[in-house]
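Trainee: fold the following, please.
(one chain, ligands or ions: 1)
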Amino acid sequence: MAATRLLAAVTESQASLDGLLDPAGGNPAFTGLGDQDRLLVRAILLSALRHLQLIDAYIDQMVDNPLPDGAKALRQVLRVGAAQILFLDVPDRAAVDLAVTQATADPRNRRFAGLVNALLRRMGREKESRLPVLMAEVAAFPAWFESRIHGAYPTDAAAILSILSEPPAIDLTVKSDAAGWAEQLGGVVLSTGSVRIARPEGPVSGLAGYDEGAWWVQDAAASLPAQMFSRLEGLDIADLCAAPGGKTAQLALAGARVTACDQSANRLERLRGNLTRLGLDVATQLSRAQDLVAPEGFDGVLLDAPCSSTGTVRRHPDIPYTKSQDDIVRLARVQRDLLDHAAGLVRPGGELVFSNCSLDPMEGEEMVAGFLADHPAWRIRPVDASRWPGLESAITAAGEIRTHPAMLAHNDLRLAGLDGFYAVVLTRP
Ligand SMILES: C[S@@+](CC[C@H](N)C(=O)[O-])C[C@H]1O[C@@H](n2cnc3c(N)ncnc32)[C@H](O)[C@@H]1O
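Mentor: From the prediction side, this is the model:
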């Protein structure tokens with residue numbers, strides 16, 4: 001029941017999956033479940049959303065008459081059943097029985113219980129032969145999303161779209177001894193300094209080093225912006241959109257005096273908890289970045305701005321269904337406002353690092369070009385392309401960073417890929 005209700009919330013009401021599944025304040029249909037059921041529901045939702053276009057096309061091919069628009073509740077039951085049958089290690093019989101029970105329990109679906117039973121059983125019988133054909137034929141994501149990726153990455157779009165349906169590896173930013181932690185956790189050290197491990201069966205909090213605060217989870221691409229300041233030790237640095245604090249931790253670890261600001265009390269609380277576990281000390285400020293007043297200014301400012309997050313679809317497969325092109329336009333405006341304000345907080349000669357996890361140039365290269373056109377004395381300080389071996393292609397001609405998920409390719413898909421990120425260092429005259 002919970003899975004169909006939550007899938008409906010994402011696909012029909014554009015609710016964020018992270019928000020729905022948040023242990024503190026998430027949807028009661030999820031938070032009220034026991035641990036095992038939560039794991040299963042999460043796995044069903046991730047699989048259903050990663051393969052939603054394919055699942056829908058499969059369902060549509062199997063019914064004689066197209067499901068009417070009014071049959072939304074029925075489609076959610078079929079999607080949840082199909083996700084288990086096609087992509088999860090759940091016995092087909094159990095997935096079919098559960099779907100039929102659900103259909104029977106809902107007055108809107110009761111008369112379709114026979115259809116649910118027949119369709120899902122047939123899916124189980126035929127999947128071996130039909131799934132590969134559908135995978136080759138059906139576009140993986142909604143048209144608006146695919147078209148933005150094709151427009152921005154004409155040569156890499158196919159590789160990007162293909163890896164976006166894969167669950168990502170886990171990258172850890174370690175306080176020290178990356179080689180030692182890689183050996184202990186069975187991972188590899190990336191050129192970013194991160195330790196990459198294949199996704200463990202259980203929660204990461206069960207891994208060695210978690211309790212002692214030796215590392216934190218942070219995609220390798222997300223670890224780049226904080227590394228881009230030319231100097232941090234002993235400097236005053238503001239982290240304007242800081243929670244949950246991955247970049248704040250890097251800045252503090254490098255010896256900066258950090259003021260971590262976020263507009264969300266809950267998320268700032270999470271940041272404090274994370275920094276406490278890591279034994280790192282920073283000042284926190286609950287504030288909108290636009291309202292932060294600092295007459296003395298800062299030596300450096302990090303603006304890791306809110307964005308469409310399209311670079312993180314591997315871990316947030318709801319994004320193509322909860323965001324739209326209009327959101328990208330709106331968020332680019334928000335980012336520009338925040339960037340203008342952030343610029344005013346930088347001391348003369350200081351650095352402003354702007355970053356976000358969108359794949360869309362409108363929220364990155366184009367937005368920053370607009371800022372530079374309006375602030376002609378500001379400059380990009382180009383990143384040295386040899387700094388992170390293997391990521392040379394992530395440095396733009398202007399010296400910005402532009403990563404995408406098809407980078408850091410690996411034969412073992414469990415260890416491949418990178419979040420999409422944009423980052424640039426801007427210097428104040
Ligand atoms: C992409 S997340 C930041 C991730 C964080 N920098 C990290 O590395 O862990 C964006 C954050 O910006 C915060 N935020 C959004 N709009 C804001 C604003 N106008 N002022 C301050 N914080 C804001 C959100 O609450 C969210 O925590």
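
Trainee: residues from the chain in reach of the ligand?
Mentor: 222, 241-247, 261-264, 267, 288-290, 304, 306 (Cβ under 6 Å from any ligand atom). All C-beta spots, glycine's among them, are computed from the backbone N, C-alpha and C.

Trainee: in helices only, show me the residues you listed.
Mentor: G246, K247, R267 (DSSP state H).

Trainee: most neighbours, which of the residues you listed?
Mentor: K247 (26 neighbours; other Cβ atoms under 10 Å).

Trainee: in the ones in helices among the residues of the chain next to the ligand, which has the lowest confidence score?
Mentor: pLDDT across those is lowest for R267, at 93.

Trainee: so what's that one up against?
Mentor: Contact analysis of R267 by Cβ atoms under 8 Å, 6 or more residues apart in numbering lists A243, P244.

Trainee: could you chop the chain up by domain?
Mentor: Using automatic domain parsing, the domains assigned to the chain come out as 2-138, 219-427.

Trainee: how far does the last one sit from the chain's center?
Mentor: Yep, that's domain 219-427 we're talking about. On the basis of Cα atoms, centre = their mean, to the nearest Å, domain 219-427 sits 14 Å off its chain's mean C-alpha point.

Trainee: check stretch 124-131 too.
Mentor: With Cα atoms, centre = their mean, you get 31 Å for stretch 124-131.

Trainee: stretch 59-67 now?
Mentor: With Cα atoms, centre = their mean, you get 33 Å for stretch 59-67.

Trainee: CA atoms of that stretch as CSV?
Mentor: Written as CSV, here are the backbone C-alpha positions of stretch 59-67 (Å, rounded to 0.1, in the frame of the first residue of the first chain):
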residue,chain,number,x,y,z
ILE,A,59,1.9,-2.2,-19.2
ASP,A,60,0.5,-0.3,-22.2
GLN,A,61,1.6,-3.0,-24.6
MET,A,62,-0.1,-5.7,-22.5
VAL,A,63,-3.6,-4.2,-22.3
ASP,A,64,-6.0,-4.5,-25.1
ASN,A,65,-7.4,-1.0,-24.6
PRO,A,66,-5.3,1.8,-23.3
LEU,A,67,-5.8,2.4,-19.5
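
Trainee: may I see the buried residues of that stretch?
Mentor: Neighbour-count burial for stretch 59-67, counted by 16 or more other Cβ atoms under 10 Å, picks out I59, M62, L67.

Trainee: which one of these is nearest to the ligand?
Mentor: Among these, I59 lies closest to the ligand (Cβ to the nearest ligand atom), at 34.6 Å.

Trainee: hang on, the earlier thing: could you dump the ones in helices among the residues of the chain next to the ligand to JSON lines with distance to A332?
Mentor: Output for these, formatted as JSON lines (distance: Cβ to Cβ, whole Å):
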{"residue": "G246", "distance to A332": "23"}
{"residue": "K247", "distance to A332": "21"}
{"residue": "R267", "distance to A332": "22"}
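
Trainee: name the residues that touch the longest helix along the chain?
Mentor: Selection of the longest helix in the chain by residue count, based on DSSP H, yields helix 113-137. Contact with helix 113-137 is made by 54, 57-59, 61-63, 74, 77-78, 81-82, 85-86, 92, 95-96, 99-100, 103-104, 109, as judged by Cβ under 8 Å, 6+ apart.
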